[in-house]
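Engineer: Predicted model follows, preceded by the sequence.
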Amino acid sequence: MKAVLDLIVGDPQADRAVPHTGITARLTVFATGVMAFLAVLVLALSMTASRVADRWADELAQAATLRLPADADAATIEKALEILRITPGVAAAKALTEAEQQALLDPWLGPNLAMDALPIPQLIEVIADDPPYDPEGLQARFAAELPDAVLDDHARWRAPLLKAANRLRLVTWLVTLLIGAALAAMVVLAAQASLAANVQVIHVLRLVGARDIYIARAFVRRFTLRAALGAALGALAGVIVVQLVPVGDTPGSFLTEIGFQGAGWLWPLVIPLIAAIVAFAATRAAALARLKEQT
Amino acid sequence: MIELENVSCGFGGTPLFSGLSLSLTPGSFHFLTGPSGAGKTTLLRLCYADLRADQGQVRLFDQDASSLGRDGVAMIRRRIGVVHQNCAFLDHLTIAENIALPLTVADRAAEAAGNLPELLAWVGLTAQAGQFPPELSGGERQRAALARAVIMSPDVIIADEPTGNVDWEMSQRLLTLLVELNRMGKAVLIATHDLTMIRTMKAELSARVLRLKDGELVQAGAEL
């Protein structure tokens, strides 16, 4: 903690020993700000994708459909409902009415569909309880008692969705890491440029007895604070932009849910800290290596 | 404190001097003279570990200079005050900050508050404390360089042409300051072309005058 305070407060005398280089300072703040801005957007997209995918997966996992042949009579439907009612882990089961089934088909076949003209299967919506039913056991029971009934637990929809969400999460973390690496590279370049521009100053400091760590400290402190400032401004801009994305009233819609929620809000706050840590480590390593070369 | 034994040094394969020996002991006063290009500044740089000898041994405060790491060199330089020919100031710092720089880099900046006013008064630069190096005259810069050289209370003072850019009166004033330091027990080594100054000071001090010429260091005698 003391080291952090020393870094922030610094030694005004020591800080003045190395002159400020305006353009390098401004570019460091700007570039770090852009990186943080992009990081916030990428993280917002990542978290939104995860959230929406999780919700879709949950919804699909909760609901299943039992499909009976089109010619299933009322007794068959009632038998199926009875089996579902007594199955542990089934919260509710409901046979869809003709109107509800037609509503499901509307988007594909239009509103004027003559239901009687098509052999449309009878659907029963099954809502899982917590803990849920055993789909394989239920399937086996229907196979024994109602062989024409088919239980669709949506696993074939859910698996690729979860896979895609996991891939998206992986890609966004990779992008975030790349942003961090680019930030480190940029800070190293800026620090190298600053060290090169101050060769004479470094020479004089050495003549009067400055150790490498003292000289490096002046550069490290400066670049760490610049990176933290740039990242804070960039993260703030990123949060504002994310907040400006229109919010829709369609639950589960990806584009209308972009943003942070709950603990996710910590990420924009953590980004300047991470940027400062990256800048500290990168500048320190670069400065000490450069000073070693300049012996 | 500083011992050079059979030291050779040169640049680009051309030796400036070889087999050179020199010893600076507490309270000693040496003038180093010789023609331009003879290697006076090179010899001084060996004495404060700014150069490494090609051959021979340089011992600084009982340490072999060739085995010193960068931190070791830094610690040695805190015990040697150097007045550089070009003063080697940081132009973005005030004169007071430049003079206090050795304390600052040694993380002893707080001590400057006590020493600095007295030191500025000693070299007659109290009024110029807040000015920047380019705003000072040559003599003022040399005095400031001397103040910086002594602020750490070093054991050895090395001065490279400290009177090169100043008039007679100022050179006498600077030399008087160096003599005062010598009387406080500091070893002093001054490289200079100014034979008149050497003759004047030699009469007042038990100073040794060394002449570096054609790669050899000899004690100057009656010709002075």
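Structural biologist: Noted; the coordinates are in hand.
Engineer: Find the centremost residue of chain A, please.
Structural biologist: Note on chain A: the residue nearest the mean C-alpha position is A:Ser46, at 2.3 Å, using CA atoms, centre = their mean.
Engineer: Which residue is the nearest non-sequential neighbour of that residue?
Structural biologist: A:Thr172 (3.4 Å; CB to CB, 6 or more residues apart in numbering or on different chains). All C-beta atoms are positioned from the backbone trio N, CA, C, and that covers glycine.
Engineer: residues touching the one you found, list them.
Structural biologist: A:42-43, A:45-46, A:49 (CB atoms under 8 Å, 6 or more residues apart in numbering or on different chains).
Engineer: Can the strand or helix carrying B:Leu189 be said to contact chain A?
Structural biologist: Applying DSSP states H and E as the criterion places B:Leu189 in strand B:187-191. No - using CB under 8 Å from any CB of the partner chain, strand B:187-191 stays clear of chain A, coming no nearer than 15.9 Å.
Engineer: List the neighbours of that strand that are in contact with it.
Structural biologist: B:1-2, B:24-33, B:40-41, B:43-44, B:47, B:155-162, B:178, B:181-182.
Engineer: Out of these, list just those in strands.
Structural biologist: B:2, B:24, B:29-33, B:156-160 (DSSP state E).
Engineer: Tell me the spacing between the residue sitting nearest the centre point of chain B and chain A.
Structural biologist: Note on chain B: the residue nearest the mean C-alpha position is B:Ile158, at 1.8 Å, using CA atoms, centre = their mean. Distance from B:Ile158 to chain A, counting by CB to the nearest CB, to the nearest Å: 11 Å.
Engineer: wait, isn't that residue in contact with B:Val83?
Structural biologist: Yes - the pair B:Ile158 and B:Val83 qualifies as a contact (CB atoms under 8 Å) at a distance of 7.2 Å.
Engineer: Mutual contacts of the two, please.
Structural biologist: Taking CB under 8 Å, 6+ apart as the contact rule, B:Ile158 and B:Val83 both touch B:Ala149.
Engineer: wait, A:Leu45 sits on A:Ile258?
Structural biologist: Yes - the criterion here is CB under 8 Å, and A:Leu45 meets it with A:Ile258 at 6.7 Å.
Engineer: if you go through chain B in chain order, where are the helices?
Structural biologist: B:40-47, B:70-77, B:95-105, B:112-122, B:138-150, B:168-183, B:195-204 (DSSP state H).
Engineer: ok, back up a step: so which strand or helix has the residue nearest to A:Ser46?
Structural biologist: helix A:155-197.
Engineer: what is the mean pLDDT for that helix?
Structural biologist: Helix A:155-197 carries an average pLDDT of 84.
Engineer: chain center to it, what's the gap?
Structural biologist: How far helix A:155-197 lies from its chain's middle: 11 Å, per CA atoms, centre = their mean, to the nearest Å.
Engineer: same check, this time on stretch B:22-37
Structural biologist: 10 Å.
Engineer: for it, which positions count as buried?
Structural biologist: When burial is assessed from 16 or more other CB atoms under 10 Å in any protein chain shown, stretch B:22-37 yields the following buried residues: B:22, B:24, B:28-34.
Engineer: same thing with stretch A:124-139?
Structural biologist: Buried residues in stretch A:124-139 (16+ other CB under 10 Å): A:124, A:126, A:128, A:132-133, A:135, A:138-139.
Engineer: Kindly reformat those as JSON lines containing secondary structure, distance to A:Lys94 and pLDDT.
Structural biologist: Below are the buried residues of stretch A:124-139 laid out as JSON lines (DSSP: H, G, I helix; E, B strand; the rest coil; distance: CB to CB, whole Å; pLDDT from 0 to 100):
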{"residue": "A:Ile124", "secondary structure": "strand", "distance to A:Lys94": "7", "pLDDT": "92"}
{"residue": "A:Val126", "secondary structure": "strand", "distance to A:Lys94": "8", "pLDDT": "90"}
{"residue": "A:Ala128", "secondary structure": "strand", "distance to A:Lys94": "13", "pLDDT": "84"}
{"residue": "A:Pro132", "secondary structure": "coil", "distance to A:Lys94": "17", "pLDDT": "82"}
{"residue": "A:Tyr133", "secondary structure": "coil", "distance to A:Lys94": "15", "pLDDT": "84"}
{"residue": "A:Pro135", "secondary structure": "helix", "distance to A:Lys94": "18", "pLDDT": "83"}
{"residue": "A:Leu138", "secondary structure": "helix", "distance to A:Lys94": "16", "pLDDT": "88"}
{"residue": "A:Gln139", "secondary structure": "helix", "distance to A:Lys94": "19", "pLDDT": "87"}
